[in-house]
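Participant: Just the structure for this:
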Amino acid sequence: MSASNRLVAIAALFVTCLIAANTIGVKVIALGEVIIPAAIIVFPLSYIFGDILTEVYGYRWARRIIWLGFISNFIFVLLVYLGQLLPPAPSWGGQQAYETILGYTPRLVAASFCGYLAGEFSNSLIMARLKVKTQGRFLWVRTISSTIIGQGLDTALFITIGFIGTSSFSPLMILYHWLAKVVIEVVATPLTYLAVGNLKKLEKGEVFDAGTNFNPFSFS
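Facilitator: Below is the predicted model:
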């Protein structure tokens, strides 16, 4: 299947959500007694778009776009770091704020990349395999179960690698963040159904990954 304009648009939204989530993820917010990263408001959207990609276009396209998101995020982080190194103008007093908000530490970069790859590939693989086993039925089972595992891996890796040993870290932070993502996925299920149904009609078909190589490093 060649890339359609719709696939390109979904890929762009997926990458945008990813970069936005990693940008605002440095802020930790308090919702009453619950402490979670601010990225909770946007990062689950990347999983919803990931579900749509796998369901409509198959694991092969999802794999390519997951790697596209990884590369795009890496380039973004690199450019932000280069901007940080440039000497600030004497009249500009925002250097410290720039470094505080956008100055990714190697630790947070590693946490973000590890969590992203483990979570997204797990999510897509589970979606694709369950679609074959269920013969395309029970989309809600596939989206929610893949989110439970994918978001669980992502959240555990990101928060553990990025925050353990700091005053912000708590095992409950992982639990609350993971539960919030799963709840968002459940609430968004009707919208996922609507998007998937319309896209399948527009693309005049769908993909079943019966003979797909699920190796994330294979592009054949």
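Participant: Point out where the protein drops to low pLDDT.
Facilitator: 1-3, 105, 220 (pLDDT under 70).
Participant: Just give me the residue right at the centre of it.
Facilitator: Nearest to the mean C-alpha position of the chain, counting by CA atoms, centre = their mean, stands residue 46 at 4.3 Å.
Participant: Where does that residue fall, secondary structure wise?
Facilitator: helix 43-57 (DSSP states H and E).
Participant: So which residues of this protein form helices?
Facilitator: Using DSSP state H, the helices assigned to the chain run over residues 5-24, 43-57, 59-85, 95-102, 106-133, 139-163, 171-187, 189-203.
Participant: Dump those into TSV; add distance to residue 37 as well.
Facilitator: In this view, the C-beta of every residue, glycine as well, is placed from N, C-alpha and C. Formatted as TSV, these follow (distance: least, CB to CB, whole Å):
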stretch	distance to residue 37
helix 5-24	8
helix 43-57	8
helix 59-85	16
helix 95-102	13
helix 106-133	10
helix 139-163	8
helix 171-187	7
helix 189-203	23
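Participant: quick one, which of those helices is nearest to residue 32?
Facilitator: Of all those, it is helix 171-187 that lies closest to residue 32, at 10.3 Å by CB to CB.
Participant: Setting the sequence-adjacent residues aside, check what's closest to residue 113.
Facilitator: Among residues not flanking residue 113 along the chain, residue 70 sits closest, at 6.9 Å (CB to CB, 6 or more residues apart in numbering).
Participant: Give me the neighbour count for that neighbour.
Facilitator: Using other CB atoms under 10 Å as the criterion, residue 70 is surrounded by 17 other residues.
Participant: Equivalent analysis for residue 84, please.
Facilitator: Neighbours around residue 84, by other CB under 10 Å: 14.
Participant: Please report how far it lies from residue 95.
Facilitator: Residue 84 sits 8 Å away from residue 95, going by CB to CB, to the nearest Å.
Participant: Kindly report the same for residue 8.
Facilitator: For residue 8 relative to residue 95 (CB to CB), the value is 37 Å.
Participant: which of the two has more neighbours?
Facilitator: residue 95 (14 against 11).
Participant: ok, for that one, nearest residue in space, not its chain neighbours?
Facilitator: Here the nearest residue to residue 95 in space, its sequence neighbours aside, is residue 88; by CB to CB, 6+ apart that works out to 4.4 Å.
Participant: Correct me if wrong: the one you found contacts residue 99.
Facilitator: No. In this structure, residue 88 is not within contact of residue 99 by CB atoms under 8 Å, at 10.1 Å.
Participant: This completes my enquiry, with thanks.
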